[in-house]
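Novice: Pasting the sequence and the predicted coordinates here, then a few questions.
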Amino acid sequence: DAGVIQSPRHEVTEMGQEVTLRCKPISGHNSLFWYRQTMMRGLELLIYFNNNVPIDDSGMPEDRFSAKMPNASFSTLKIQPSEPRDSAVYFCASSFSGGASTGELFFGEGSRLTVL
Amino acid sequence: KNEVEQSPQNLTAQEGEFITINCSYSVGISALHWLQQHPGGGIVSLFMLSSGKKKHGRLIATINIQEKHSSLHITASHPRDSAVYICAVAGNQFYFGTGTSLTVIP
C-alpha cells in the first residue's frame, strides 16, 4: 500500500512567494493532520481535518497560512506570502479515527521548505 | 510550561543494553503516541496507547493513566535503534514532547 504521499519533498523559494504543499492521505483514512517541525520548536500540530472538515486550526501560526481538503484524497497547505521564519519541515499524517484522539498516525516523508 | 515532558533528552547506550525513555504529561488525554524519527527525518508511529502495555518486537510501551506517565522500553538495543523518540499526547489538542535522542554504539 502506498503510504501518505507529500509533495514537493524539498522547496526553496524567496521571501514573499506563495508556497503550496500537497498531501495525499492513505486511502480509507478519515483524519488528516498537518505538522511543522523546526529545531527551535520541535513538532507542532498546525491543523487537522476529520472527514474533510477542518476541526482544529488553532495551531496555524497566522493568516498567511491556509489549508484545504477538497476531498478525502487530497489536502493542501498554502503559505502566502512566505517568510524566512516559515522555513521548516512540514509533515502530513493521516489516520482512521473519530477525531484526533484515536487512530494510529501514519506520516508522510515531509516537505522541507527553505524561504530565503 | 510544557504539557509533555520527556526524559532523558539525550541517551547513549552500548549495543545490547536495555533502554527506557520516560514521558510525563499534565493534560487529560484519550491516547498517547510514541513516534520514532530517524536521521533523514521520516517519522514512524511506534505505538498508540490508551491503557496498559503494548509490545512490538523488542519495543515495549506502557502507560499509567492515573500517574500520567508512559515509558518506552527497548530490549537488546541495536545501533539501528538510534533515532529521536517523541512522545505525543492527544486530548483536546495534540501536545508533543521535545524528543529523546538515542544513540546506540556497537
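Specialist: Right, received. Where do you want to start?
Novice: Neighbours of the residue of chain B found nearest chain A, how many?
Specialist: With CB to the nearest CB, the shortest gap between chain B and chain A falls at residue B:30, namely 3.6 Å. Every C-beta, even on glycine, is put in place using the N, C-alpha and C of the backbone. Here the count is done by other CB atoms under 10 Å in any protein chain shown, and residue B:30 has 14 residues near it.
Novice: Same check on residue B:3?
Specialist: Number of residues near residue B:3 (other CB under 10 Å) recorded here: 16.
Novice: Can you verify my assumption that residue B:58 contacts residue B:76?
Specialist: Yes. With contact defined as CB atoms under 8 Å, residue B:58 counts as touching residue B:76 (5.7 Å).
Novice: intersection of neighbour lists for the two?
Specialist: Jointly contacting residue B:58 and residue B:76 under the rule CB atoms under 8 Å, 6 or more residues apart in numbering or on different chains is no residue at all.
Novice: Please report how far the residue of chain B closest to chain A lies from residue A:53.
Specialist: Going from residue B:30 to residue A:53 by CB to CB, to the nearest Å gives 19 Å.
Novice: and what of residue B:51?
Specialist: As for residue B:51, its distance to residue A:53 is 29 Å (criterion: CB to CB).
Novice: Check residue A:18 too.
Specialist: Distance check for residue A:18 against residue A:53: by CB to CB, it reads 24 Å.
Novice: go on, residue A:68?
Specialist: Here the distance between residue A:68 and residue A:53 works out to 11 Å (CB to CB).
Novice: Please say which of these two ends up with more neighbours.
Specialist: residue A:68 (15 against 8).
Novice: quick one: is stretch B:38-47 near chain A?
Specialist: Yes. With CB under 8 Å from any CB of the partner chain as the threshold, stretch B:38-47 lies in contact with chain A, specifically through B:41-45.
Novice: List of residues touching stretch B:54-73?
Specialist: Contacts of stretch B:54-73 from elsewhere in the structure, counted by CB under 8 Å, 6+ apart, are B:18-26, B:29, B:32, B:34, B:46-47, B:49-53, B:74-78, B:81, B:85, B:87.
Novice: Which among those count as buried?
Specialist: Buried residues within the contacts of stretch B:54-73, defined by neighbour count using 16 or more other CB atoms under 10 Å in any protein chain shown: B:19, B:21, B:23-25, B:29, B:32, B:34, B:46-47, B:49, B:74, B:77, B:81, B:85, B:87.
Novice: So what's the gap between whichever strand or helix holds residue B:24 and the chain middle?
Specialist: Per DSSP states H and E: residue B:24 is located in strand B:19-25. Computed by CA atoms, centre = their mean, to the nearest Å, the separation of strand B:19-25 from the middle of its chain amounts to 6 Å.
Novice: For it, C-alpha coordinates in PDB please.
Specialist: As requested, C-alpha coordinates have been extracted for strand B:19-25 and formatted as PDB (Å, rounded to 0.1, in the frame of the first residue of the first chain):
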ATOM      1  CA  ILE B  19      16.800   1.300  27.400                       C
ATOM      2  CA  THR B  20      14.000   3.200  29.000                       C
ATOM      3  CA  ILE B  21      12.600   6.600  27.800                       C
ATOM      4  CA  ASN B  22      10.100   8.300  30.000                       C
ATOM      5  CA  CYS B  23       7.200  10.600  29.200                       C
ATOM      6  CA  SER B  24       5.100  12.600  31.700                       C
ATOM      7  CA  TYR B  25       2.100  14.700  30.800                       C
END
